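*Asks:* need a structure here:
(2 chains)
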Protein chains: 2
Amino acid sequence: MTPTLDSVEYAIGHRFAKRELLVQALTHRSHSTPHNERLEFLGDSVLNCSVAALLYRSFPELKEGELSRLRASLVKQGALAEVAMRIKLGSHIKFGEGELKSGGERRPSTLADALEAVFGAIYLDAGFDAAAKVIELLYQPLLCCIDPAVAGKDAKTELQELLQGRRLELPRYELRATRGEAHAQQFDVDCLIPDLGISSSGSGASRRIAEQEAAKRVLEQIKNK
Amino acid sequence: MTPTLDSVEYAIGHRFAKRELLVQALTHRSHSTPHNERLEFLGDSVLNCSVAALLYRSFPELKEGELSRLRASLVKQGALAEVAMRIKLGSHIKFGEGELKSGGERRPSTLADALEAVFGAIYLDAGFDAAAKVIELLYQPLLCCIDPAVAGKDAKTELQELLQGRRLELPRYELRATRGEAHAQQFDVDCLIPDLGISSSGSGASRRIAEQEAAKRVLEQIKNK
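*Replies:* Have a look, this model is predicted:
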């Protein structure tokens, strides 16, 4: 018995009959074979299906497109990494030395992949329903505060729909400046809502990121009004 | 008891406890509500997960990327429509009048969507394992003749990899002619393999299609050599 894996089992609420599956799910490619890449392939689709079923049952009034959008927001790397960090999965992953030194255990993509692999491992260990139960448990904190009208929408889309709903003019985005060297440029963008007399600015490594940032700040201003 | 639905149940090997789920799965949006769009969302992910699990078990030597490619080739619209036609699903779908007149029951996208909705309905009726069993049964004819080295690859990719494997020069594609009016153009493309003294031509509604067609014929020539 490895005590460290006991704590993972406790956190996910599943005790493995075949402990070697959990070990494989927590073995990064840089460490040794068998590693977790094939399990990640399997777990990705187990996660997708479990979340689809959860959403289908939780939101009987939503259309197909809205369900897809909600699911995408829940299974994306950021959401997975957040869950993985909450259960402290990173410290249980076995890495090769180089990967460990470069901070692999804190990399969101690595955490997300390992968590998906754990879902795949549970599927193989005890079947779909067991994996779906674990996924439902781990996703509870994300699901309970989901707002189906907003979740999964980017700030620009949300802002546009909000303004259209109030029959207001659409936002205007203006590039104010680009800064820095060519390989590390920063963009400054203004988002203007003439009808409301509101504006805000955002910065980022691409024009799109800067626009999203600016839209997000305008949204906050509107909501706090 | 609707006799027509009995034959669907027989073809898929699942008897519904809640027959209304099957009815909904076979109701196109153009006919009435509740229609099959939400079930299709659910069924799509049930299919993805079932096929992922089947491939994971059937091909223990394949890597994650190869499994993804194989799965994509099995769950794509064309493969689904092929299965749907084999079990004559089209004649059981309820359409609105306009949709029926425009040939909805023979449209591959409509057939594929309805089949996915049926998978979603089975999941709700009897759980994941029941749906996975039906999917395995229906996909058997496609799975048994799969060649993991080839499946899912388009002809151009397959040809390129074959030539690279033999350390030969890559194929050259040359546009020979475009024919027809602007709205219905046909492209004629030659695919040339200088090192082997082989060439072949293909035609299609786009340059890409014509190239794929030409590559396919060259592949056949090489394989028959």
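*Asks:* tell me which stretches of chain A form helices.
*Replies:* A:3-12, A:19-25, A:37-58, A:64-75, A:77-86, A:97-101, A:108-126, A:128-143, A:155-165, A:207-224 (DSSP state H).
*Asks:* what residues sit buried inside the third one?
*Replies:* Within helix A:37-58, the residues scored as buried using 16 or more other C-beta atoms under 10 Å in any protein chain shown are A:37-56. (Glycine included, C-beta is placed from N, CA and C.)
*Asks:* the second one too?
*Replies:* Residues A:L21, A:L22, A:V23, A:Q24, A:A25 are the ones in helix A:19-25 that count as buried (16+ other C-beta under 10 Å).
*Asks:* coming back round to it: reformat the helices of chain A as JSON lines; add mean pLDDT and distance to chain B.
*Replies:* Below are the helices of chain A laid out as JSON lines (pLDDT from 0 to 100; distance: least, C-beta to the nearest C-beta, whole Å):
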{"stretch": "helix A:3-12", "mean pLDDT": "90", "distance to chain B": "19"}
{"stretch": "helix A:19-25", "mean pLDDT": "98", "distance to chain B": "12"}
{"stretch": "helix A:37-58", "mean pLDDT": "97", "distance to chain B": "4"}
{"stretch": "helix A:64-75", "mean pLDDT": "91", "distance to chain B": "4"}
{"stretch": "helix A:77-86", "mean pLDDT": "94", "distance to chain B": "16"}
{"stretch": "helix A:97-101", "mean pLDDT": "90", "distance to chain B": "17"}
{"stretch": "helix A:108-126", "mean pLDDT": "97", "distance to chain B": "7"}
{"stretch": "helix A:128-143", "mean pLDDT": "94", "distance to chain B": "4"}
{"stretch": "helix A:155-165", "mean pLDDT": "85", "distance to chain B": "20"}
{"stretch": "helix A:207-224", "mean pLDDT": "88", "distance to chain B": "27"}
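*Asks:* list the buried residues in stretch A:5-14.
*Replies:* For stretch A:5-14, by 16+ other C-beta under 10 Å, it's A:V8, A:A11, A:I12, A:H14.
*Asks:* for the first one, which non-adjacent residue is closest in space?
*Replies:* So that's A:V8. Spatial nearest neighbour of A:V8, excluding adjacent residues (C-beta to C-beta, 6 or more residues apart in numbering or on different chains): A:H92 at 5.5 Å.
*Asks:* and if you look at the second one?
*Replies:* The spatial neighbour of A:A11 that comes closest, neighbours along the chain excluded (C-beta to C-beta, 6+ apart), is A:I87 at 4.0 Å.
*Asks:* measure the one you found to A:D125 for me?
*Replies:* For A:I87, the distance to A:D125 (C-beta to C-beta, to the nearest Å) stands at 17 Å.
*Asks:* the more surrounded of these two?
*Replies:* Using other C-beta atoms under 10 Å in any protein chain shown as the criterion, A:I87 and A:D125 rank with A:D125 on top: 19 against 16.
*Asks:* the more buried one against A:Q24, yeah?
*Replies:* No: A:D125 lies out of contact with A:Q24 (C-beta atoms under 8 Å); the separation is 10.9 Å.
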